[in-house]
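> missing the sequence, but the structure's below:
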């Protein structure tokens, strides 16, 4: 029941992001200096910011960046994580040892510190001329590179578990190559938990992106994502609380829906799973 | 004793690898930290770089950096002139640590009480509310919860100061805001293991003997879930350290995070390296401490070891 509602609300949010130009009355960067820092009213029903930009339109356009970055980086992380996790789990031995040490080391740096270091690293590679594309590139690269580790660890554990099953021995005895075994016999068996993993990775990546932008290290205004809006908004908390409350609340609702859906997916696809929504 | 020694050795190895990686990630990249400085003539830039030894070959820089680390000297900041990283640390580390530890304790305290009381099968409504609270607390971004707390308790009710870090009444809001996410983790974990152990035979036995429900919950159920609860302390602490970036910013807490973010935007690489290293040291030490604590408390692990 709860999951159904979560799904409906999430679909509404996604549709809003897809059809952003149609449903938003203003553009995300259109300034109107006659109407600055207004609270919610009939023309700007979530109010305006210090440059008179319509907050509702900025949130709708910002959701495109937030959702896309979250989804895209999670998929990249899943691909790398599945590849490395299954190699490490299936081959074992020295490869596996190396991976586990690598994992230990990365785990001893707080995630956000690691994220920030990664953006510093990627900011030295100028790939795009336009500043906003460059900063999205930095965020996407950093997020994908950091989050695959957690996925790889879960995949590795499951591959090791399945590798001990008799039907794998049978396949080996019949002369199936390792690649065939992983692709045909192991991966289909962990498909359920891969979907569950992805469903928890998306909200956590959306959150990380917004944290980075909040700290001023991600996308910069006038471009908009939920974190950028929060960064612009919290400074005027006393005079214009709507500027932080609305973007924060939209992010909160999205997180809540995604987490409920993830829980539902896990109960359905992978009831005995070890993956907890931490 | 041997175990402690092994752990320490592992800790130093990890820190060595991290510091080396940090050094090479930040120094091996093209460009100098003073490239974007306005109106620097080549001579001035050269002499600045000579002062910070940036003109020397990379291995010389690395050796002097490592030498500094071993003697506990993290170097000098590029942009905060005349300030060494150690001075900045001495000013900021105490408040970050205090905030983190208080948040950890508070989230355990409230989380355990909420979770254990919600397992009680006689209170279905309370059960549902706690479940919703933990879902909400894990989904709410820090930059929403903190402003909401400030709005309610500082601006409307006028009870607590909205920012700064000057005394116990200043600690309350940041600690609460920071502890929401770890609290939701504690509640989830404890409810998960609690709901399993409440179906165990010894709980039914105790009920049959007439032990009161709350006594069962706190004595039997909590005791059995204590070890997994302690075992996640390390990852909780990691999460708290990440969250403290946002919280320190919003509440203007004079902690590490402010300098860290500033040093990144200033390309002040000695400070970036120093502060990242300190964050890792905090986290690695906390992990080791909680690991050892679990091993001391859990009799099963001790037996395996001996």
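Looks like it arrived, so ask away. Keep in mind that this is a model prediction, so the values were computed, not measured.
> Could you use CA atoms for every contact and neighbour count after this?
Fine.
> Let me know the pLDDT of residue A:86.
On the pLDDT scale, residue A:86 is placed at 90.
> The residue lying closest to residue B:82 once chain neighbours are set aside and residue B:43, how far apart?
Leaving aside its sequence neighbours, residue B:82 sits nearest to residue B:76 (C-alpha to C-alpha, 6 or more residues apart in numbering or on different chains; 7.2 Å). Residue B:76 sits 21 Å away from residue B:43, taking C-alpha to C-alpha, to the nearest Å as the criterion.
> Same question for residue A:4.
Taking C-alpha to C-alpha, one finds residue A:4 at 67 Å from residue B:43.
> Next up, the contacts around the residue nearest to residue B:82.
B:82, B:83, B:84, B:85, B:270, B:271 (C-alpha atoms under 8 Å, 6 or more residues apart in numbering or on different chains).
> Could you confirm the first one falls within a strand?
No: judged by DSSP: H, G, I helix; E, B strand; the rest coil, residue B:82 forms no part of a strand; its state is coil.
> in the chain, which spans are helices?
Picking chain A for this. A:2-18, A:20-23, A:55-91, A:93-107, A:111-123, A:131-163, A:166-173, A:178-180, A:191-214, A:226-233, A:242-269 (DSSP state H).
> um, chain B though
B:2-27, B:42-51, B:58-70, B:85-119, B:124-139, B:142-149, B:168-197, B:201-209, B:213-216, B:222-231, B:233-250, B:256-265, B:269-297, B:299-305.
> CSV for those helices, including distance to chain A, mean pLDDT and mean neighbour count?
Shown next, in CSV, are the helices of chain B (distance: least, C-alpha to the nearest C-alpha, whole Å; pLDDT from 0 to 100; neighbours: other C-alpha atoms under 10 Å in any protein chain shown):
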stretch, distance to chain A, mean pLDDT, mean neighbour count
helix B:2-27, 6, 81, 15
helix B:42-51, 19, 70, 13
helix B:58-70, 18, 77, 14
helix B:85-119, 13, 89, 19
helix B:124-139, 5, 89, 18
helix B:142-149, 5, 91, 23
helix B:168-197, 6, 87, 22
helix B:201-209, 22, 83, 13
helix B:213-216, 26, 79, 16
helix B:222-231, 13, 81, 16
helix B:233-250, 5, 88, 23
helix B:256-265, 7, 84, 20
helix B:269-297, 5, 85, 20
helix B:299-305, 21, 59, 10
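> any chance of those helices in TSV, plus distance to residue A:226?
Converted to TSV, the helices of chain B look like this (distance: least, C-alpha to C-alpha, whole Å):
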stretch	distance to residue A:226
helix B:2-27	29
helix B:42-51	39
helix B:58-70	39
helix B:85-119	26
helix B:124-139	14
helix B:142-149	11
helix B:168-197	19
helix B:201-209	48
helix B:213-216	44
helix B:222-231	33
helix B:233-250	15
helix B:256-265	19
helix B:269-297	26
helix B:299-305	46
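> low pLDDT regions in the stretch 1-150 of chain A?
A:1 (pLDDT under 70).
> near chain B, which residues of it?
A:105, A:108, A:109, A:110, A:111, A:112, A:113, A:116, A:120, A:121, A:124 (C-alpha under 8 Å from any C-alpha of the partner chain).
> what's near enough to touch the fourth one?
The neighbourhood of residue A:110, defined by C-alpha under 8 Å, 6+ apart, consists of B:238, B:239, B:241, B:242, B:279, B:280, B:283.
> same deal with the fifth one?
With contacts defined as C-alpha under 8 Å, 6+ apart, residue A:111 is in contact with B:238, B:239, B:242.
> roughly how far apart are the first one and residue B:70?
So that's residue B:238. For residue B:238 relative to residue B:70 (C-alpha to C-alpha), the value is 25 Å.
> Could you do residue B:259 as well?
From residue B:259 across to residue B:70, the span is 23 Å (C-alpha to C-alpha).
> Could you report the neighbour count for the nearest residue in space to residue A:243 that is not next to it in sequence?
Spatial nearest neighbour of residue A:243, chain neighbours left out: residue A:233 (4.5 Å); criterion: C-alpha to C-alpha, 6+ apart. Residue A:233 is flanked by 23 other residues according to other C-alpha atoms under 10 Å in any protein chain shown.
> Isn't residue A:233 up against residue A:248?
No: the pair residue A:233 / residue A:248 is not scored as a contact, 9.5 Å apart, by C-alpha atoms under 8 Å.
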